[in-house]
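K.L.:
Only the shape, not the letters, is given here:
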């Protein structure tokens, strides 16, 4: 005898899977199945069981059979029964182990660093929960029913219209809703543009020029798509776009070069547009943290110089949270159809309710207020970092701090690897500059640390800065092996 049952009783709104098997009658099978579910941990202490009438109906057994099984397990101490509370799994002084697994001690390193100074994430505790909840609720209340059915692969028009206005006002982007495609972030945009895993089916083709320093993760995505990347050297004015040659496209972070910092000089902005026009190429503009500029007038998007020669990509990963998985591509008209074809009918879409929530957040002005608040907070974080280094490690030069959520600390030659290792042993997570270096670049290497100052909570930030300063090399640090 073997039966399988899933309870979907409306009265409790919970599902319970039992297998009735083994010798004996139905009563013994019900007792055995429930006892095993508790013993294995599938039914945790305190879990409410279905009323015996519902369970009996779904099992196809007599009510008394289930009632007797419950009574037997109550008597044995597996279950408890109270008037008005129903039948529940008993609380035990010594919790049962799930699936009889033996606990394994987690290594100290796996528990995570004490101080997280890695770049790339905003302060999680500053997510505007109240404003998001208001916008999300309002957007759902006002949404027509068709929102919850098949929709437009370009994304909800409400969000594309809101972005059209916001990007024009805040970033100098010239576009219209029909040329915006919603995606789940920059990596998703790269996959849509260049195709997945070496298929060669992307809208764009290589070779692709990139900056000599950038995210290895992005280079990996491009390599997986079969795209060859050629590195452009960097100097004080940004990428050396004068060295562009036979490439078909170039990927830049012109508002704030990642990770070394600094905007692309105005003359090079016009130069890269001239190259794209002459070559028939395109600039892929990664505006990953353009909202966060502190010391001078904000640097607008290059896209405004020629909307037909620039693919502009942005997201809320730095301004709100990477957990939202919302980004956008502002496309030249000739690429819109190809990107929508690459995106497909449904599976690659960002959450429609999240799109509506973000649209309301922008239109209501709450998004601007949040960005201004976080700009002030991150500027304060940046100033505290600079001040701590001036006081405790004045020999360390800090660069790339006019904007963004991270800084670059220049180190004595030959000390980067040992410093990153020392930081890890002290529970400080950060990145060495070498981790972002393109393997094919002929730029002279430079030792440094990429330090994110947005991730730690406010109360933990001072301790994180002290820990950072303790692991920095002294002024007379000896040069290590190359």
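P.N.:
Good, I have the coordinates. Predicted model only: the values in this text are computed from it and were never measured.
K.L.:
Now do the helices in the chain.
P.N.:
In the chain, the segments counted as helices under DSSP state H are 26-40, 52-59, 63-76, 129-142, 157-171, 186-194, 216-224, 266-279, 333-343, 352-363, 366-392, 416-425, 458-471.
K.L.:
Provide a list of residues in contact with the residue positioned nearest the centre of the chain.
P.N.:
In the chain, the residue lying closest to the centroid (Cα atoms, centre = their mean) is residue 322, at 3.1 Å. Shown in contact with residue 322 (Cβ atoms under 8 Å, 6 or more residues apart in numbering): 121, 185. (C-beta placed from N, C-alpha, C; glycine too.)
K.L.:
Apply 7 Å and report the result again.
P.N.:
Going by Cβ atoms under 7 Å, 6 or more residues apart in numbering, residue 322 touches residue 121.
K.L.:
Give me the local confidence score for it.
P.N.:
We note a pLDDT of 93 for residue 322 in this prediction.
K.L.:
where's it relative to residue 127, distance?
P.N.:
Distance, residue 322 to residue 127, using Cβ to Cβ, to the nearest Å: 11 Å.
K.L.:
what stretches of the stretch 301-450 of the chain score poorly on pLDDT?
P.N.:
Flagging of the stretch 301-450 of the chain using pLDDT under 70 yields the residue ranges 346-348.
K.L.:
mind redoing it with 90?
P.N.:
342-350, 425-426, 444-445 (pLDDT under 90).
K.L.:
From residue 140, how far off is residue 359?
P.N.:
From residue 359 to residue 140 the distance is 12 Å (Cβ to Cβ).
K.L.:
For these two, work out which one has more neighbours and name it.
P.N.:
A direct count of neighbours by other Cβ atoms under 10 Å for residue 359 and residue 140 places residue 359 higher, at 23 against 14.
K.L.:
that older thread, right, and the helices of the chain - which one's nearest residue 203?
P.N.:
helix 333-343 (4.1 Å; Cβ to Cβ).
K.L.:
Please tell me how far residue 216 sits from residue 441.
P.N.:
For residue 216, the distance to residue 441 - Cβ to Cβ - is 13 Å.
K.L.:
Show me which of the two is the more surrounded one.
P.N.:
Each of residue 216 and residue 441 has its neighbours counted (other Cβ under 10 Å); residue 441 has more, 17 against 13.
K.L.:
so the more buried one makes contact with residue 231?
P.N.:
Yes. With contacts counted by Cβ atoms under 7 Å, residue 441 reaches residue 231, the gap being 4.0 Å.
K.L.:
show me the contacts for residue 208.
P.N.:
Residues near residue 208 by Cβ under 7 Å, 6+ apart: 222, 227, 229, 247, 249, 250, 251.
K.L.:
Apply 8 Å and report the result again.
P.N.:
Counting by Cβ under 8 Å, 6+ apart, residue 208 has contacts 194, 222, 227, 228, 229, 230, 247, 248, 249, 250, 251, 284.
K.L.:
Could you identify which of these has the most neighbours?
P.N.:
Neighbour max across the contacts of residue 208 (other Cβ under 10 Å) = residue 251, 28 neighbours.
K.L.:
Could you check how far it is from residue 46?
P.N.:
On the measure of Cβ to Cβ, residue 251 and residue 46 end up 53 Å apart.
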